[in-house]
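[1] predicted coordinates and the sequence they were generated for:
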Amino acid sequence: MSTHTYSQEELTLFKEIKNGKTFEASEELPPFYRKHLLNLLWMQGDSEYSGALGYMPWIAKAPTLQEKVLVAQMVKDEMRHASVIYRLLDELGQNTSDHVNKSDLGYKLDEDQINIGFKRLKPDYRVNIFYYDIKYWTDYILFNFLMDRAAGHQLQDTFNSSYMPWKKAIEGIYKEEVMHLAHGDKWVKILSRDPEQKKFLQERLNLWWPRVMNIFGSTLGASNDLYVNLGLKQRTNGEIRAVFVKEIEEMCEACGLTLPVYREEDQPQRETASL
Ligand SMILES: [Fe+2]
Ligand SMILES: [Fe+2]
């Protein structure tokens, strides 16, 4: 539970939003609202952008020509998502092109067998799963299967966002994420049919599972009801995570894969307070 107590002004804002108040780019946003909106938009923008760069090498490395076309399409999708979200940030007076030029959003970890928990590695805003390198085609598939699915669930929460420009942008992005996760589902089934490939898939799933679970943040510490109160999310991260886990559990069971045990309290913690 959060120990933060809200001011009367903040509580009034929560109430107005609960009663259906929305915001447009052209109007003056309450500073408190604006700050948290910017957090979420920067997180999404940088994640889309570094996600596109992470997928990019797989245009060349995908196993067939048809798959190269599909990967190229996904890279285009993610770059487009980044440009849409960065445009929203620019409208709010942020300088995204300066940020992109100065940041190292293509940076990926060299180490393969590593779990950074909730740690941040660079002064950018990406969700920290985008620091890991996609090393094998199996990883690419798991990224579609796990991360694009998790992103889809998080985007659903933006359908009713109190920030109208974001709400309008999200529908197209969501549709494309659904195609990415369907690609993951298709390939998880293909790989699971071959005993050798399945063994490797299980190995890589064990590695990627805590990484993807960590994107939902820590549900042990400060609660993220704040975003819900601001109408920027509909559900807490813990609630979204539960829906996501249930879906993955069913898919894994159908394919004969085992989900490793995930313990939030075992994950390496970040040094500074989380957003
Ligand atoms: Fe995306
Ligand atoms: Fe995606």
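    On my side now, so go ahead. Residues are numbered from 1 along each chain as shown. Ligands and ions are numbered 1, 2, ... in the order given.
[2] neighbours around the closest residue in space to Ser161 that isn't next to it in sequence, how many?
    Leaving aside its chain neighbours, Ser161 sits nearest to Lys167 (4.2 Å; criterion: Cβ to Cβ, 6 or more residues apart in numbering). Yep, even glycine has a C-beta here, placed from its N, CA and C like the rest. Using other Cβ atoms under 10 Å, Lys167 has 15 neighbouring residues.
[3] flag every buried residue along the strand or helix carrying Lys167.
    Assigned by DSSP states H and E, Lys167 falls within helix 164-193. Within helix 164-193, the residues scored as buried using 16 or more other Cβ atoms under 10 Å are 165-166, 169-170, 173-174, 176-177, 180-181, 183-185, 187-188, 191-192.
[4] wait, Ser162 touches Leu232, no?
    Yes - if you go by Cβ atoms under 8 Å, Ser162 and Leu232 touch, sitting 6.4 Å apart.
[5] neighbour count: these two, which is higher?
    Comparing Ser162 with Leu232 by neighbour count (other Cβ under 10 Å), the higher total belongs to Leu232, at 23 against 20.
[6] wait, what's in contact with the more buried one?
    36-37, 40, 158, 161-163 (Cβ atoms under 8 Å, 6 or more residues apart in numbering).
[7] repeat the analysis, applying 7 Å as the threshold.
    Counting by Cβ atoms under 7 Å, 6 or more residues apart in numbering, Leu232 touches 36-37, 40, 161-163.
[8] quick check: it is in a helix.
    No - read with DSSP: H, G, I helix; E, B strand; the rest coil, Leu232 is coil and lies in no helix.
[9] let me know the pLDDT of it.
    Per-residue pLDDT puts Leu232 at 94.
[10] do Cys255 as well
    pLDDT at Cys255 comes out at 97.
[11] and for Gln8?
    Looking at Gln8, its pLDDT stands at 94.
[12] what's the spacing between it and ligand 2?
    41 Å (Cβ to the ion, to the nearest Å).
[13] what is the neighbour count of that residue?
    Counted by other Cβ under 10 Å, the residues lying close to Gln8 total 7.
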